[in-house]
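Trainee: what's the 3D shape of this:
(chains A, B, C and D)
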2 protein chains.
Amino acid sequence: MIQNLNKHERESLHEALAKSGQKITPQREIVYTVLLAQRDHPTVDEVYHRALETMPGLSLATVYNCLETFVGCGLVRQVNHERESTRYCPNLAPHAHFRDESTGRVHDIELPKEILDQLTKILPANFETETIEISFQGRTKTSNKN
Amino acid sequence: MIQNLNKHERESLHEALAKSGQKITPQREIVYTVLLAQRDHPTVDEVYHRALETMPGLSLATVYNCLETFVGCGLVRQVNHERESTRYCPNLAPHAHFRDESTGRVHDIELPKEILDQLTKILPANFETETIEISFQGRTKTSNKN
DNA sequence: TTGAGATTTTGAATCATTCTAAACGGCTAA
DNA sequence: TTAGCCGTTTAGAATGATTCAAAATCTCAA
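Mentor: So this is what the prediction gives:
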């Protein structure tokens, strides 16, 4: 069963929404709760089905809307891989993604600040970066189920 | 007008196809020629329209097939950006991509080997990488039209 | 030159995502 | 308390890139 947001999580949500002039709604709280509850980079459809258990009438379009809103106010990151469905990730620390080809799972990889700094240095002087995305693709050896 | 493949380019193509047991066809030669002629990371549709000028009967599905084949035998890289159409790139040297949000254009950014090495080091020991993708998103300052 | 197997073609099918229009909800001012 | 404004949600249709299916065509080794 999905836990409710704790005080701090609820605050982040309310603050982020308020900051960009948007309202708090039950749908948004539930979608955000679902994202925090299981940090496995779910697709829209996965979020939708998980959220349905708490709010049976919820519509898919609303899940799209909520997630778009969260991305817009910086609460959540989009993770795209090739042409697969977009996945969503509430981890705001700078990190890369590793996609395991054998399981399809996506893992967060912590990204040292030095590497980010170095990366921005390889750009020509007049290129201004807003976001950097780094994604690895491969396999995990051995029986590690992580 | 689109130039023909030079001797070396034709050889790479034939060799790569042969190596993965596939045939040389006029369609494949033309699609590859189009990719080399203008290295602006075209979409399938762009490749299709450029190729039509040389081979009027060509079908869109064939362009999809050819590009998929080239990616499969390592002649060409796919470039995905968010949910936009997939783009294709015949630059085989390791490089990152910078997408200019104001123009939609994609630029190749040379990628120093040290950075690649460092990147693979941040992975847990049992993660085996096959490919790494790095993409920047931002804007180019000033009136540089590059 | 021939035949097996790969490739191309056309058009239909798929599927994630976006759009549209109507209903809803919450807040503010009277 | 009510009226109305405006952002949000909803259902379903529309979009658009990509894939699939089946038949026709082509390529190349023998």
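Trainee: quick one: low-confidence ranges for chain A?
Mentor: For chain A, the stretches with pLDDT under 70 are A:1-2, A:143-146.
Trainee: now with 80?
Mentor: A:1-3, A:142-146 (pLDDT under 80).
Trainee: using the three-state scheme, assign the residue with the largest distance to the centre of it.
Mentor: Relative to the mean C-alpha coordinate of chain A, counting by Cα atoms, centre = their mean, the farthest residue is residue A:125 (30.5 Å). Using DSSP: H, G, I helix; E, B strand; the rest coil, the three-state assignment for residue A:125 comes out as coil.
Trainee: how much space separates it from residue B:141?
Mentor: Using Cβ to Cβ, to the nearest Å, one gets 8 Å for the distance from residue A:125 to residue B:141. Where C-beta positions appear, they are placed from N, C-alpha and C, glycine not excepted.
Trainee: repeat for residue A:91
Mentor: For residue A:91, the distance to residue B:141 under the criterion Cβ to Cβ works out to 30 Å.
Trainee: neighbour-wise, which of the two wins?
Mentor: residue A:91 (15 against 11; other Cβ atoms under 10 Å in any protein chain shown).
Trainee: over to the residue nearest to that one when sequence neighbours are not counted: give its phi and psi.
Mentor: The shortest distance from residue A:91 to any residue other than its chain neighbours is 5.5 Å, reached at residue A:108 (Cβ to Cβ, 6 or more residues apart in numbering or on different chains). For residue A:108, the backbone dihedrals are phi -80, psi 140 (criterion: degrees, to the nearest 10).
Trainee: what about residue A:49, how many neighbours?
Mentor: 15.
Trainee: element containing it, please.
Mentor: For residue A:49, the element it lies in under DSSP states H and E is helix A:44-52.
Trainee: helix or strand right after that helix?
Mentor: helix A:60-72.
Trainee: one step back: contacts for the helix holding residue A:49, please.
Mentor: By Cβ atoms under 8 Å, 6 or more residues apart in numbering or on different chains, the surrounding residues in contact with helix A:44-52 are A:2, A:30-31, A:34-35, A:37-38, A:42, A:58, A:60, A:63-64, A:67, A:85-86, A:88.
Trainee: in contact with the spatially most central residue of chain A, which residues?
Mentor: Here the mean C-alpha position of chain A is nearest to the C-alpha of residue A:89 (Cα atoms, centre = their mean), at a distance of 1.5 Å. Residue A:89 sits next to A:35, A:39, A:41, A:76, A:77, A:78, A:79, A:97, A:106, A:108 when contact means Cβ under 8 Å, 6+ apart.
Trainee: among the contacts of helix A:44-52, which one lies nearest to chain B?
Mentor: If you rank the contacts of helix A:44-52 by distance to chain B using Cβ to the nearest Cβ, residue A:86 comes first, at 6.6 Å.
Trainee: what about that closest one, neighbour count?
Mentor: When neighbours are defined as other Cβ under 10 Å, residue A:86 has 16 of them.
Trainee: and for residue A:131?
Mentor: Counted by other Cβ under 10 Å, the residues lying close to residue A:131 total 11.
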